[in-house]
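>>> 3D model of this:
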Amino acid sequence: MDNAHRNTTAMARVGLLALLLLALGLGGCAPAHIAPEPLPTLSQGARNPVVAAARSLTGAPYKWGGESPQTGFDCSGLTWWAYRQVGVDLPRVSYDQYEVGHPVGRRDIGPGDLVFFRLRGNRKNMHVGIATDNDSFIHSPSSGGRVREEPFDTPYWREHYIGARRVLRSGG
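Numbering: from 1, shown residues only. I've put the predicted structure just below:
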């Protein structure tokens, strides 16, 4: 299969998955497994399906080790689940997610990029969320919290930010 046909087929899959997820209200119905290869370029006007999946979970409770809408999410469970909805298998924990994709500079963060924050303790104690644009992200914050979207530009997040990774190609 040539690259043009593969990109057309993959782009059709992304569009179909996004429509299906929106139609089903993301009620936990995951699509069939798709090999973890990079997705096609998303155009500037395209709605990022990872962001749409993550936003659909706004208000879901935090649950340590959680990875489903039925039980709640921890931070890496949320990112793992959202990417899985578009056929991308991320590692399950944040410090392993920090190794996937390509590094992205702070000013170049785009919708769908993973954003990471260093928390107290050892190097493996990090928090992850999904950028919704270059100024905000969605995440499952901590015990007692709920999935929410908030700005990067607060003293706490600025102080703890350590980097971003791009797993999907963004477009132009």
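>>> For the residue lying closest to A60 once chain neighbours are set aside, give me its contacts.
By the measure of CB to CB, 6 or more residues apart in numbering, the closest residue to A60 outside its immediate chain neighbours is V147, 4.5 Å from it. C-beta: built from backbone N, CA, C; applies to glycine. Applying CB atoms under 8 Å, 6 or more residues apart in numbering, we find V147 in contact with A54, L57, T58, G59, A60, P61, Y62, F73, L78, I138, H139, S140.
>>> what does G101 give?
With contacts defined as CB under 8 Å, 6+ apart, G101 is in contact with L114, R165, R166, V167.
>>> Go again with 10 Å.
When contacts are counted by CB atoms under 10 Å, 6 or more residues apart in numbering, G101 touches P38, V88, L90, D113, L114, A164, R165, R166, V167, L168, R169.
>>> Format the contacts of V147 as JSON lines; extra columns: pLDDT.
Written out in JSON lines, the entries for the contacts of V147 read as follows (pLDDT from 0 to 100):
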{"residue": "A54", "pLDDT": "96"}
{"residue": "L57", "pLDDT": "96"}
{"residue": "T58", "pLDDT": "96"}
{"residue": "G59", "pLDDT": "97"}
{"residue": "A60", "pLDDT": "97"}
{"residue": "P61", "pLDDT": "96"}
{"residue": "Y62", "pLDDT": "96"}
{"residue": "F73", "pLDDT": "97"}
{"residue": "L78", "pLDDT": "98"}
{"residue": "I138", "pLDDT": "97"}
{"residue": "H139", "pLDDT": "97"}
{"residue": "S140", "pLDDT": "96"}
